[in-house]
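>>> Provided below for reference: sequence and predicted model.
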Amino acid sequence: MSAISETIVREYFELHGFFVRQQRKYIAPARREEDEVDFFVLNPRAVAGNPLPFVLGSGDLAGVARALVVVKGWHTETFSPAVLAHAPEIFRFVQPAAFKKASNLFGSTGPFTKILVVPALPQDPESRQGSIDLLRGKGIDAVIPFRTMLGDLIEHIQTNRNYQKSDLLQVMRILKNYDFFAPPQMELFKADRPKSAKRSKAED
């Protein structure tokens, strides 16, 4: 699961013009604190502007110049305060060792945005804010939900292109070509059918 999750993240940042450097392509027998960063990303066309929101959307990426990115592909989990409180390893990438490695790679000029890629934040406003406060308190600057990344990749996939250099994009292209991805706006505004019509069709 970690491999496909990291592939999604890489494709997403590359889609938006970032240079992406993966921390490692092997599985370390014992991950140390300085090994917790998955990607270093650099935006050569970064634009300084307003402060970034904590939950990033694709439109906010132009304001990210350099970032440390950690991927947590726990796709069956919501990052609630309870989950975060029992997973201290999530926050290892904000330790000084990670910054030292990033400075050696990109140079010491300019700050790094510390981004955590998460499956989802709680829907309940109070729990959601609690998760955000806890993450901020640990030194994390921003999060990007997987839903944001996947939705953006699916939207930009063109069915008349052959993505043979990316298995992920090729699979998405095939699924999109056969209409397995329903347009969100159509689903959102789709009117419910009258119960009588549903019953009549079932009887047929």
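Everything's here; your move.

>>> separation between the closest residue to residue 122 other than its chain neighbours and residue 5?
With C-beta to C-beta, 6 or more residues apart in numbering as the criterion, residue 122 has its nearest non-adjacent residue at 4.6 Å, and that residue is residue 128. The C-beta positions use only the backbone N, C-alpha and C, and glycine is treated the same way. Counting by C-beta to C-beta, to the nearest Å, the separation of residue 128 from residue 5 is 22 Å.

>>> and residue 23, by the same measure?
According to C-beta to C-beta, residue 23 and residue 5 sit 14 Å apart.

>>> secondary structure element holding the residue lying closest to residue 81 once chain neighbours are set aside?
Leaving aside its sequence neighbours, residue 81 sits nearest to residue 130 (C-beta to C-beta, 6+ apart; 4.3 Å). Using DSSP states H and E, residue 130 maps to helix 125-137.

>>> and for residue 69?
Using DSSP H and E, the element containing residue 69 is strand 66-71.

>>> what residues go with each domain of the chain?
2-155, 157-203 (automatic domain parsing).

>>> mind giving me the packing neighbours of the strand or helix carrying residue 152?
Using DSSP H and E, residue 152 sits in helix 146-156. Helices and strands touching helix 146-156, by 3 or more C-beta pairs under 8 Å, 6 or more residues apart in numbering; DSSP states H and E, are helix 2-15, strand 113-118, helix 167-177.

>>> same question for the shortest one, mean pLDDT?
Think strand 113-118. Regarding strand 113-118, the rounded mean pLDDT is 92.

>>> now the last one
Rounded to a whole number, the mean pLDDT of helix 167-177 is 94.

>>> C-alpha coordinates for it, PDB please?
What follows is helix 167-177 as a C-alpha-only set of coordinates in PDB (Å, rounded to 0.1, in the frame of the first residue of the first chain):
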ATOM      1  CA  ASP A 167       1.100   2.500 -14.600                       C
ATOM      2  CA  LEU A 168      -1.000   4.600 -12.200                       C
ATOM      3  CA  LEU A 169      -2.000   7.100 -14.800                       C
ATOM      4  CA  GLN A 170      -2.600   4.400 -17.400                       C
ATOM      5  CA  VAL A 171      -5.000   2.600 -15.000                       C
ATOM      6  CA  MET A 172      -6.800   5.800 -14.300                       C
ATOM      7  CA  ARG A 173      -7.100   6.600 -18.000                       C
ATOM      8  CA  ILE A 174      -8.600   3.100 -18.700                       C
ATOM      9  CA  LEU A 175     -11.100   3.500 -15.900                       C
ATOM     10  CA  LYS A 176     -12.000   7.000 -17.000                       C
ATOM     11  CA  ASN A 177     -12.400   5.800 -20.600                       C
END
